[in-house]
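Enquirer: Got a predicted model here, sequence first, then my questions.
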Amino acid sequence: MTLEDTNNKFITTEAIKSGTESSEQQVWDAVKNAFADRNCIGYWRYPIFSKVGEIRKEPDILIVDREFGLTVIEILPVTIEQIAEINDKNWLLQDFRTAQASPSQLAQHQLRALIAYTDREPAIWRKVNGRTIVALPLITQEQWQQRGFHELPNSPAILNQEQLSKAALLEHIQHTSSLVPGNNLEDKD
């Protein structure tokens, strides 16, 4: 695959800010590397047009993959120390640009909006599967487990710092349960 083919497969709709956002660039680069040879297309900040007043539906990363379906990755560039606590789907944060976040819930809303678009097409109605992942590029799996966050009920699929290699990222996505079940799509679909 040529560099031009790779650039056509991965679309950046909004510039990634420098500085503290460099961890977001790290995740985007890891996704592009992992999916470079796959039958897919990837977007940084795919715009989902919605009604006024609805929750923002602009996934940090959207991957549309023939085998995996839709994967929405919401990136939260915080350190383990910045997470004060996690209550259900609300994450209380300290020393961050917001006091709380709901990354898994946000990703689920984004995914469901995208699935609603695919369900408008009769040929693929209820066929497209989807999964959501929260990427924590500044947190290791060991740090996450030491805080006991992996034992929380409704714990989302987490992509930790060491899972940003090509093989680990693809394996992690493959083993993440689908939030929206579907089928493998065929060429005609």
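Expert: Great, that's in hand. Residues are numbered from 1 along each chain as shown.
Enquirer: report the longest helix in this structure, please.
Expert: When the chain is parsed with DSSP state H, its longest helix is helix 103-118.
Enquirer: which residues are in contact with that one?
Expert: Outside helix 103-118, the residues that touch it by C-beta atoms under 8 Å, 6 or more residues apart in numbering are 48, 50, 55-59, 62, 70, 72-74, 76, 89, 91, 124-125, 127-128, 130-134, 154, 156, 179-180. C-beta: built from backbone N, CA, C; applies to glycine.
Enquirer: Likewise for stretch 171-180?
Expert: 63, 68-71, 108, 111-112, 115, 128-133, 157, 159, 163.
Enquirer: and the residues you listed, which are buried?
Expert: 63, 68-71, 108, 111, 115, 128-133, 157, 159, 163 (16 or more other C-beta atoms under 10 Å).
Enquirer: in the protein, which spans are helices?
Expert: Going by DSSP H, the chain shows helices at 3-9, 22-35, 103-118, 141-146, 166-175.
Enquirer: how distant is the longest helix of the chain from the center of its chain?
Expert: Distance of helix 103-118 from its chain centroid, counting by C-alpha atoms, centre = their mean, to the nearest Å, is 10 Å.
Enquirer: in terms of contact, does residue 136 touch residue 78 like I think?
Expert: Yes - using C-beta atoms under 8 Å, residue 136 is in contact with residue 78, at 7.1 Å.
Enquirer: Please identify which of the two sits among more neighbours.
Expert: residue 136 (26 against 22; other C-beta atoms under 10 Å).
Enquirer: That one: what's it in contact with?
Expert: Applying C-beta under 8 Å, 6+ apart, we find residue 136 in contact with 76, 78, 144, 158, 159, 160, 161.
Enquirer: Which two of these have the greatest separation?
Expert: 78 and 159 (13.6 Å; C-beta to C-beta).
Enquirer: From one end of stretch 148-164 to the other, what's the distance?
Expert: End-to-end distance for stretch 148-164: 22 Å, by C-alpha to C-alpha, to the nearest Å.
Enquirer: Buried ones in it, by neighbour count?
Expert: 149, 156, 157, 158, 159, 160, 161, 163, 164.
Enquirer: By pLDDT, rank those and give me the bottom one.
Expert: pLDDT across the buried residues of stretch 148-164 is lowest for residue 156, at 88.
Enquirer: Quick check: the gap between that residue and residue 144.
Expert: Note on residue 156: its distance to residue 144, by C-beta to C-beta, to the nearest Å, is 11 Å.
Enquirer: is the residue lying closest to residue 40 once chain neighbours are set aside in a bridge, and if so with what?
Expert: The shortest distance from residue 40 to any non-neighbouring residue, by C-beta to C-beta, 6 or more residues apart in numbering, is to residue 65 (3.9 Å). For residue 65, the beta-bridge partners are residue 40, residue 69 (DSSP bridges).
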